[in-house]
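> What follows is a predicted structure for the sequence shown.
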Amino acid sequence: MTEEERKAQWDAMCNVVADRMKVFTRPYVTILAGGESGKPTKIGTGTFIEKEGVQLLTCEHVARFNPTAFYIDDRGSTILYPGSWRMEPDLKKDVALAPVAEKEWSNVSQSAQPLAMSKFAQRHGPVDRELLFFRGIAGENAYISDYGADAILSGYCSQEKIGTCDTDIFEILWNPRDTAVTSGTSSEASARVKYDNPAGFSGSLVWNTRFVELGCDFSKWSPADAVVTGLLRRFDPDTNILLAWRVEHLYGWL
């Protein structure tokens with residue numbers, strides 16, 4: 001097999017993994033939007049988790065703008081109002097959690113699901129060149145009003161930048177010029193989606209798909225094998241890197 005053929009085969013596998021992970025994570029993820037009246041809407045990403053009921057997990061710097069949640073499914077968008085955010089004053093713990101009242105949850109529970117704590121890995125430790133995945137909302141793809149949201153949540157497969165992980169964070173490659181839309185993306189979404197600005201991905205959970213770990217074998221792998229390996233915090237435009245907090249710190253905080 002030539003180098004070109006190997007690349008084509010790898011790209012095709014990444015395509016399938018991204019599409020299957022996108023479907024798998026869809027019930028857990030919601031848009032967070034808020035900010036001051038009269039100013040541009042601030043956007044972030046949240047995940048429903050199962051911990052003492054249903055709670056919303058995101059970054060502290062997202063929770064600071066007191067966001068409302070917009071959950072999108074086949075029925076359109078549904079607005080949820082989370083309770084008070086639990087946040088640490090220490091900026092090194094850029095994480096926040098808010099309860100979702102049963103009445104609010106009942107509005108989306110037909111399609112939304114809370115992520116079980118058992119899906120969080122004990123530590124960040126993917127094998128070399130593993131496929132990492134995150135699902136979130138880029139602000140450039142979100143149009144928020146008092147009546148709901150018209151937005152495209154995006155799922156991305158990427159990899160950790162080799163040799164950059166430390167005891168606190170790890171780095172994920174992200175470059176719009178190298179982004180390709182998967183075959184499972186609808187024609188409508190393909191025509192509308194933008195991938196130039198990652199602002200809004202803050203709060204997304206990063207998944208270790210374990211696809212490479214399981215031999216890049218679709219007969220042995222499914223999205224259910226994936227585990228959460230970090231919390232996406234911010235984008236560094238100088239290096240085209242997304243910075244994520246290691247799961248052992250996130251799990252310990254939770």
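Okay, I see it.
> Can you show me the strands along the stretch 101-250 of the chain?
115-116, 132-136, 142-145, 148-151, 154-158, 169-173, 205-208, 227-236, 241-246 (DSSP state E, counting those that start in this stretch).
> Quick one: closest of these to Asn66.
Smallest distance to Asn66 across these (CB to CB): 14.1 Å, for strand 142-145. (Each C-beta comes from the backbone N, C-alpha and C, glycine too.)
> Torsion angles phi and psi at Val16?
phi -70, psi -40 (degrees, to the nearest 10).
> Just give me the neighbour total for it.
16 (other CB atoms under 10 Å).
> Pull up the gap between it and Phe133, please.
12 Å (CB to CB, to the nearest Å).
> so can I have CSV of the strands of the stretch 101-250 of the chain showing mean neighbour count?
Below are the strands of the stretch 101-250 of the chain laid out as CSV (neighbours: other CB atoms under 10 Å):
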stretch, mean neighbour count
strand 115-116, 16
strand 132-136, 26
strand 142-145, 16
strand 148-151, 19
strand 154-158, 23
strand 169-173, 20
strand 205-208, 27
strand 227-236, 22
strand 241-246, 23
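> weakest of the ones you listed by average pLDDT?
Averaged per stretch, pLDDT over those is lowest on strand 148-151, reaching a mean of 68.
> now the helices: where do they sit in the protein?
3-25, 60-63, 102-106, 187-192, 247-253 (DSSP state H).
> Tell me, how many residues neighbour the nearest residue to Ser183 once chain neighbours are set aside?
Spatial nearest neighbour of Ser183, excluding adjacent residues (CB to CB, 6 or more residues apart in numbering): Asn15 at 5.7 Å. Using other CB under 10 Å, Asn15 has 17 neighbouring residues.
> Asn15 and Trp85, how far apart?
For Asn15, the distance to Trp85 (CB to CB) stands at 37 Å.
> re the thing from before, looking at the helices of the chain, which one has the lowest mean pLDDT?
Ranked by mean pLDDT, the helices of the chain bottom out at helix 187-192, which scores a mean of 70.
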